[in-house]
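Asks: dropping a prediction and its sequence here:
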Amino acid sequence: MFRKIILLALLCLGLNTAAVADEAATAPLQTGDALPAIALKDQFDKPQSVAADAQTLLFVIEKLASDLVNDYLMKQGKDFLAAHKAYFIADISGMPSMITKMFALPKMQERPYSILLAYDAEEVAFMPREKNKVTVVKLAGGKVESVQHVDSEAALAEAF
């Protein structure tokens, strides 16, 4: 009842009540949080889901962080992510669709590993982020053990 009154008051003030109501749902993951279900399409437009036994998530938004992960992964074996129960997730929602289709996707399709793509920022709003850094989320039993933001291959390697 109290929540309804607050939401009604905010509505009367012209504030975005949806943002207030969904604040907890889109709060960045923290240590101890359960990992929400993640189902995205990969660079080949195939649906992929993060498995319940996942151990590591690599998350990027900007090109600099993406290049870091790609450079690192290209030096590893093609089964590196699978062997480490890891997933590479890229938020490409800010990329113009023409650039995505003409340049980014063909380049991603040359990669020997899967890249889960978020075309809508809301799909990955729960992921912690820092500008130009790779977010490394370590998991155990479906819960977040740690969150790091790395900006070097050495730090990325150390995360594994």
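Replies: Structure received. Note that the structure is a prediction, hence the values are computed from the model and not measured.
Asks: rest of the way, CA atoms for contacts and neighbours
Replies: Noted.
Asks: and whichever strand or helix holds residue 107, what's buried?
Replies: In this structure, residue 107 sits in helix 105-108 according to DSSP states H and E. Of the residues in helix 105-108, 105, 108 count as buried by neighbour count, 16 or more other C-alpha atoms under 10 Å.
Asks: residues in contact with that helix?
Replies: 43, 115 (C-alpha atoms under 8 Å, 6 or more residues apart in numbering).
Asks: show me what whichever helix or strand comes after it is packed against.
Replies: Counting by DSSP H and E, the next helix or strand C-terminal to helix 105-108 is strand 115-118. In terms of contact count using 3 or more C-alpha pairs under 8 Å, 6 or more residues apart in numbering; DSSP states H and E, strand 115-118 is assigned the packing partners strand 39-42, strand 86-91.
Asks: can you list contacts of strand 115-118?
Replies: 40-43, 48, 87-93, 108, 124.
Asks: same thing with stretch 61-70?
Replies: With C-alpha under 8 Å, 6+ apart as the test, stretch 61-70 has contacts from 58, 60, 90-92, 131-134, 151-153, 156.
Asks: buried subset of those as a PyMOL selection?
Replies: A single PyMOL command selects the buried members of the contacts of stretch 61-70 (16+ other C-alpha under 10 Å):
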select buried, resi 58+60+90+91+92+132+133+134+151+156
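Asks: wait, what's in contact with the residue positioned nearest the centre of the chain?
Replies: The residue lying closest to the centre of the chain (C-alpha atoms, centre = their mean) is residue 59, at 4.1 Å. Residue 59 makes contacts with 88-91, 127, 129, 134-136, as judged by C-alpha under 8 Å, 6+ apart.
Asks: 6 Å - rerun?
Replies: Applying C-alpha atoms under 6 Å, 6 or more residues apart in numbering, we find residue 59 in contact with 89-90, 134-135.
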